[in-house]
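>>> Build me a structure from this.
(chains A and B)
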Protein chains: 2
Amino acid sequence: MATVSALSPSELRFIRAARVAHLATAGRNSQPHVIPICFVFDGKHFYSPIDEKPKRTTPAKLKRVRNLQENAQAAMVIDRYSEDWKKLAYVLIHGGAKILYSGAAHVRAVRRLRRKYPQYRQMEIHTRPMIQIRPLRWTFWGNP
Amino acid sequence: MATVSALSPSELRFIRAARVAHLATAGRNSQPHVIPICFVFDGKHFYSPIDEKPKRTTPAKLKRVRNLQENAQAAMVIDRYSEDWKKLAYVLIHGGAKILYSGAAHVRAVRRLRRKYPQYRQMEIHTRPMIQIRPLRWTFWGNP
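Presented below is the predicted three-dimensional model:
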């Protein structure tokens, strides 16, 4: 466990280089939910857009949002898989989540996301809600 | 959503080919938790061993077990990331989890895990607890 300022350069690199994370939420009924997400980290908060990727099931898409409205506790993990298990690593982040609909933090997150993921430049993320996660607890495993 | 028998061959292939999944649990306090796991699927249940990978933090390791003892609801996601977002896909499984300590299902799961992951052949998974997940609901997204 560490505060953000205590992250080592290699831990920070590991977090920033990752293209995908996995976000877990749980609603009022304590039923866990988990999906892969794209994200950015600005040194203080994680941001993940509610984007528009095509899908078969509409309700599942917003499940994470509904869960977070009922229960703001979130967990996300960033990990590396390798067949050489000496190289396995993850960082697990527990935090509080908020849904942003607009505002300066939303605008900055959109800009940052579009820098990291060119795919977002043509997508409507600036008009969509954004999940903001404030890390409260960090758990490192292996050698990120 | 689909029952196991309704999985298409390509969906089943996608699930079986994956080397890693992400398991979300939530304890009595509804705090979500998520970690990458190795797993096998025998057509009915998923199995994931409590293995011995090196770690810095001992308590976190068993968090998923303690959570499942408090709340048997689990979610796991198997996904594919690609920079070509037309190829993104996941399957999200909601299910009920049980911890197995021994017995025929435990023995079969160990054998299956060691076939899929040669890394486990030298590891003590046969003497360790095993998470068994019975899928109750499947959600497919993209084209697995």
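>>> secondary structure element for A:G96?
Secondary-structure element containing A:G96, defined by DSSP states H and E: strand A:89-100.
>>> After that strand, which helix or strand is next?
Criterion used, DSSP H and E; the element after strand A:89-100 is helix A:104-116.
>>> What distance do you get for A:A105 to A:R112?
10 Å (CB to CB, to the nearest Å). C-beta coordinates here come from the backbone N, C-alpha and C atoms, glycine included.
>>> shared neighbours, the two?
A:Y47 (CB atoms under 8 Å, 6 or more residues apart in numbering or on different chains).
>>> what angle separates the strand holding A:G96 from helix A:104-116?
140 degrees (axes from the mean of the first three to the mean of the last three CA atoms, to 10 degrees).
>>> From the chain's centroid, how far away is strand A:89-100?
6 Å (CA atoms, centre = their mean, to the nearest Å).
>>> So for it, mean pLDDT?
Averaged over strand A:89-100, pLDDT sits at 96.
>>> how about the residues of chain A near chain B?
Neighbours of chain B within chain A, by CB under 8 Å from any CB of the partner chain: A:1, A:19-20, A:22-26, A:30-36, A:53-57, A:60, A:71, A:73-77, A:79, A:81, A:83, A:85, A:88, A:90, A:92, A:94, A:119, A:139-142.
>>> Kindly write the PyMOL command that selects the buried subset of those.
Burial among those is assessed by 16 or more other CB atoms under 10 Å in any protein chain shown; the matching PyMOL selection reads:
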select buried, chain A and resi 22+23+24+25+26+30+31+32+33+34+35+36+60+71+73+74+75+76+77+79+85+88+90+92+94+119+139+140+141+142
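>>> send the alpha carbons of the strand holding A:G96 over as PDB?
C-alpha atoms of strand A:89-100 as PDB (Å, rounded to 0.1, in the frame of the first residue of the first chain):
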ATOM      1  CA  ALA A  89       2.300  -8.400 -11.900                       C
ATOM      2  CA  TYR A  90      -0.600  -6.300 -10.900                       C
ATOM      3  CA  VAL A  91      -1.600  -3.200  -9.000                       C
ATOM      4  CA  LEU A  92      -5.000  -3.300  -7.300                       C
ATOM      5  CA  ILE A  93      -6.600   0.100  -6.500                       C
ATOM      6  CA  HIS A  94      -9.500   0.500  -4.100                       C
ATOM      7  CA  GLY A  95     -11.200   3.900  -4.400                       C
ATOM      8  CA  GLY A  96     -14.300   6.000  -4.400                       C
ATOM      9  CA  ALA A  97     -16.000   6.600  -7.700                       C
ATOM     10  CA  LYS A  98     -18.000   9.600  -9.000                       C
ATOM     11  CA  ILE A  99     -19.800  10.100 -12.300                       C
ATOM     12  CA  LEU A 100     -18.900  13.400 -14.000                       C
END
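>>> Just name whatever secondary elements that strand is in contact with.
Secondary-structure packing of strand A:89-100 (3 or more CB pairs under 8 Å, 6 or more residues apart in numbering or on different chains; DSSP states H and E): helix A:9-17, helix A:58-70, strand A:73-80, strand A:130-142, strand B:32-37.
>>> What angle do helix A:9-17 and it make with each other?
Using the same axes, to 10 degrees: strand A:89-100 against helix A:9-17 is 50 degrees.
>>> Name the strands paired with strand A:89-100 and say parallel or antiparallel.
Note on strand A:89-100: by DSSP bridges, its sheet partners are strand A:73-80 (antiparallel), strand A:130-142 (antiparallel).
>>> Using JSON lines, lay out those strands together with distance to A:R66.
Shown next, in JSON lines, are the strands paired with strand A:89-100 (distance: least, CB to CB, whole Å):
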{"stretch": "strand A:73-80", "distance to A:R66": "13"}
{"stretch": "strand A:130-142", "distance to A:R66": "12"}
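>>> any weak-confidence spans in chain A?
Low-confidence segments of chain A (pLDDT under 70): A:1-5, A:52-61.
>>> if we go to 80?
Low-confidence segments of chain A (pLDDT under 80): A:1-6, A:51-62.
>>> Looking at it, which residue reaches furthest from the middle?
Distance to the chain centre peaks in chain A at A:D84, reaching 26.0 Å (criterion: CA atoms, centre = their mean).
>>> what's that one in contact with, if anything?
So A:D84 contacts nothing (CB under 8 Å, 6+ apart).
>>> repeat for the one 10 residues further on
A:H94 makes contact with A:Q73, A:A74, A:A75, A:P135, A:L136, A:R137, A:T139, B:Q31, B:H33, according to CB under 8 Å, 6+ apart.
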